[in-house]
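Participant: predicted model and sequence below, questions to follow.
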Amino acid sequence: MAMTLPSVTSGPRVLALANQKGGVGKTTTAINLGTALAAIGEKVLILDLDPQGNASTGLGVDRRSRRRSTYNVLVGDATLSETIQETAVPRLAIAPSTMDLSGVELEIASHRDRAFRLRRAIESLANDYSYVLIDCPPSLNLLTINAMAAANAILVPLQCEFFALEGLSQLIKTVEQVKMTLNPQLTIHGIVLTMYDARNNLSAQVVEDVRSFMGDKVYQTIIPRNVRVSEAPGYGKPVLLYDLKCVGSQAYLRLASEIIQREKMLRAA
């Protein structure tokens, strides 16, 4: 018997930051895009769905204070509202993660609703937030599938390096499979190029290749390599709090504006 697919409600806009490659800037983008959206007036929730919990640490959430986490939400021990913690950034909250998440796939694999646990949790938030950003793990596992099943759209951070396009086709294929089977509304919102080094000819070539391959799906904003962006997580702060005037902070503010502009175009279409 076919399973009835739960609908994606008209609550917050849910963007999953996904790329099965590690080290491409997913968590950094989740933290700083969330902060930038909050800075321009949006109410934002970050869902840390990576067992490493770096988004939680980068927003100053001590591991000892994570009594409830996204793990508890997925296994049904807690509601999403019970896990949410406020951050030092006004209008930005986070549902933290713990290492327990690394074993959640085995715990829920036998349940028929295993791919929809996160979607149902987000639906319970009603209209408390305007944006929910999901920081996915660096793999295409059940956690990422839950994020894609819950999301309105995928935001893909892509590092400006030699193998940037390697794996992108696999991610696109996975998005199409999820769209056909779990979430008919899912789209790719955009691709954000990260860790751009203007001194490196390779970075410019990667930008050109990705734009020719993905067209206007690539955001105009490019996130540069910036030592302040790298330093900020060590202080438990997004870079916009650590150094607002640095080029990294300014790039994330531009990205937030571009995403909101793209959202307006999508709603008008």
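Facilitator: Great, that's in hand.
Participant: now do M180: how many residues are near it, please.
Facilitator: 10 (other C-beta atoms under 10 Å). In short, each C-beta sits where N, CA and C put it, glycine included.
Participant: what's the answer for T187, then?
Facilitator: T187 is flanked by 14 other residues according to other C-beta under 10 Å.
Participant: give the contact list for it.
Facilitator: Under the criterion of C-beta atoms under 8 Å, 6 or more residues apart in numbering, the contact partners of T187 comprise N152, A153, I154, K179.
Participant: out of the residues you listed, which is most surrounded?
Facilitator: Using other C-beta under 10 Å as the neighbour criterion, I154 leads the contacts of T187 with 26 neighbours.
Participant: ok, that one - contacts?
Facilitator: L15, A16, L17, A18, M148, L171, V175, L186, T187, I188, H189.
Participant: what would those look like in TSV with secondary structure?
Facilitator: Putting the contacts of I154 into TSV (DSSP: H, G, I helix; E, B strand; the rest coil) gives the following:
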residue	secondary structure
L15	strand
A16	strand
L17	strand
A18	coil
M148	helix
L171	helix
V175	helix
L186	coil
T187	strand
I188	strand
H189	strand
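Participant: what is the nearest of those to G58?
Facilitator: Of all those, G58 sits closest to L17, with 13.2 Å by C-beta to C-beta.
Participant: run through the residues that contact that closest one.
Facilitator: K26, T29, A30, L133, I134, D135, C136, I154, L155, V156, P157.
Participant: of those, which belong to strands?
Facilitator: Assignment to strands by DSSP state E places the following of the contacts of L17 there: L133, I134, D135, I154, L155, V156, P157.
Participant: would you map the strands across this protein?
Facilitator: If you assign secondary structure with DSSP E, the strands in the chain sit at 13-17, 44-48, 85-86, 92-95, 131-135, 153-159, 187-196, 218-224.
Participant: circling back: and which of the contacts of L17 is nearest to S56?
Facilitator: Nearest to S56 among the contacts of L17 is D135, at 9.0 Å by C-beta to C-beta.
Participant: which residues of the protein score low on pLDDT?
Facilitator: For the chain, residues meeting the criterion pLDDT under 70 lie at 1-10.
Participant: ok, which stretches of it are helices?
Facilitator: Per DSSP state H, the chain carries helices over the ranges 26-39, 54-58, 70-75, 80-83, 104-108, 117-123, 142-150, 168-181, 201-214, 227-231, 239-242, 247-268.
Participant: in TSV: these, plus distance to T194.
Facilitator: Listed next are the helices of the chain as TSV, based on distance: least, C-beta to C-beta, whole Å:
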stretch	distance to T194
helix 26-39	7
helix 54-58	15
helix 70-75	24
helix 80-83	28
helix 104-108	27
helix 117-123	25
helix 142-150	18
helix 168-181	13
helix 201-214	10
helix 227-231	9
helix 239-242	13
helix 247-268	9
